[in-house]
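Enquirer: quick one, structure for this:
(one chain, ligands or ions: 1)
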Amino acid sequence: MTQKQLLVAVLAATPWLTSLAQTPPAPPAGASEQVVQGGHLYQLHCALCHGANGRDATVFPRPIWGPGHDIGKFGTAKGLFEYLQLMMPFDDPNKLSDAQKTAIAAYMLVRNGSLPAATMLPLGGGSAPVK
Ligand code: HEC
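Expert: Take a look at the predicted model:
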């Protein structure tokens, strides 16, 4: 078993740790359809490891949006999308479509305060900066 398989197995066995700790937040006021969809997808495919609120220090030490995040390094929505496309969800990066990952990137950037709630990102993210 590789280190990654082991981590995924442990995480799959303990989803209740995260779900007990946090209640999914309501969609931001005025959210676009894409941002609402991204929020649903995030809760289904990402919250297990990153927490309902983008922070779950038990699995991944840094928040993935909000105070203390390190996603500014991706530069733009496109940079964030490309990371998700290659790497996330960590257990199976191929299980979501590009449109679904674009929606998740939009949701994350709205939650981060980088974009207004009514944002609709183009497929693949586009040039909106990650602050
Ligand atoms: C099985 C657990 C797991 C799931 C599910 C998962 N992630 Fe991750 N995520 C990780 C791990 C572990 C890392 C660190 C990876 C590395 O550095 O090699 C990470 C890193 C990240 C990062 C980079 C954060 C930083 O500061 O460098 C982002 C952004 C991210 N994940 C977003 C997502 C999104 C969005 C989803 C859902 C589509 C998702 N993740 C699903 C475990 C997970």
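Enquirer: can you name the element that comes right after the helix or strand bottoming out on mean pLDDT in the chain?
Expert: Ranked by mean pLDDT, DSSP states H and E, the weakest helix or strand in the chain is helix 15-21, scoring a mean of 54. For helix 15-21, the following helix or strand on the C-terminal side (DSSP states H and E) is helix 33-45.
Enquirer: right, and the helix or strand after that next one?
Expert: Next helix or strand after helix 33-45 toward the C-terminus (DSSP H and E): helix 47-50.
Enquirer: could you give the separation of that next one from the chain centroid?
Expert: Relative to its chain's centre, helix 47-50 lies at 9 Å (C-alpha atoms, centre = their mean, to the nearest Å).
Enquirer: ok, which stretches of the protein are helices?
Expert: 3-13, 15-21, 33-45, 47-50, 77-87, 98-111 (DSSP state H).
Enquirer: where among those helices is average confidence lowest?
Expert: The stretch with the lowest mean pLDDT among the helices of the chain is helix 15-21, at a mean of 54.
Enquirer: residues of the protein that sit close to the ligand?
Expert: Residues of the chain lying near the ligand by C-beta under 6 Å from any ligand atom: 8, 11, 45-46, 48-50, 60, 62, 64, 70-71, 83-84, 88-91, 104. For glycine as for every other residue, the C-beta is placed from the backbone atoms N, C-alpha and C.
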